[in-house]
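Student: Okay, predicted coordinates and the sequence, questions at the end:
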Amino acid sequence: MNLDPKKSVSVLIEILNVAGDVEAAASSTIAPGQVTTHFDSSSTALGRYCRGAGSDAKKIRVSMTARNFGLEPLAVIQGQ
């Protein structure tokens, strides 16, 4: 989510494993006050977390939703 009410922000959204290795990444430009979604499928969410990186990263909030194979949400994890 872009917290800036007036300016679009460009960020890199990353999903990392417990070792800190980037498993998936996507760049995005988010309009003022808007939300964007990126999907990554993995056999397990165990030990995964997300973060927003880039010069505008302080103006966004990221979270990750773990879903089961029926796509039902299991947990929402705040990004770092």
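Tutor: That came through fine.

Student: All the strands of this protein, in order from the start?
Tutor: For the chain, applying DSSP state E gives strands covering 9-16, 22-30, 49-53, 63-67, 73-78.

Student: and the last one, what does it pack onto?
Tutor: So that's strand 73-78. strand 63-67 (3 or more C-beta pairs under 8 Å, 6 or more residues apart in numbering; DSSP states H and E). (Each C-beta comes from the backbone N, C-alpha and C, glycine too.)

Student: picking that back up, which stretch among the strands of the chain comes nearest M1?
Tutor: Of all these, strand 22-30 sits nearest to M1, with 7.5 Å by C-beta to C-beta.

Student: now the angle between strand 9-16 and that closest one, please.
Tutor: Per axes from the mean of the first three to the mean of the last three C-alpha atoms, to 10 degrees, the angle that strand 22-30 makes with strand 9-16 is 160 degrees.

Student: List the buried residues in strand 22-30.
Tutor: Judged by neighbour count using 16 or more other C-beta atoms under 10 Å, the buried positions of strand 22-30 are 28, 30.

Student: Is it possible to get JSON lines of the strands of the chain that adds distance to D40 and mean pLDDT?
Tutor: As requested, these are arranged in JSON lines below (distance: least, C-beta to C-beta, whole Å; pLDDT from 0 to 100):
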{"stretch": "strand 9-16", "distance to D40": "5", "mean pLDDT": "87"}
{"stretch": "strand 22-30", "distance to D40": "4", "mean pLDDT": "87"}
{"stretch": "strand 49-53", "distance to D40": "9", "mean pLDDT": "83"}
{"stretch": "strand 63-67", "distance to D40": "9", "mean pLDDT": "77"}
{"stretch": "strand 73-78", "distance to D40": "13", "mean pLDDT": "72"}
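
Student: Pick the most deeply packed of those strands.
Tutor: strand 9-16 (a mean of 20; mean count of other C-beta atoms under 10 Å).

Student: strands paired with it, and their directions?
Tutor: Within its sheet, and counting by DSSP bridges, strand 9-16 is paired with strand 22-30 (antiparallel), strand 49-53 (antiparallel).
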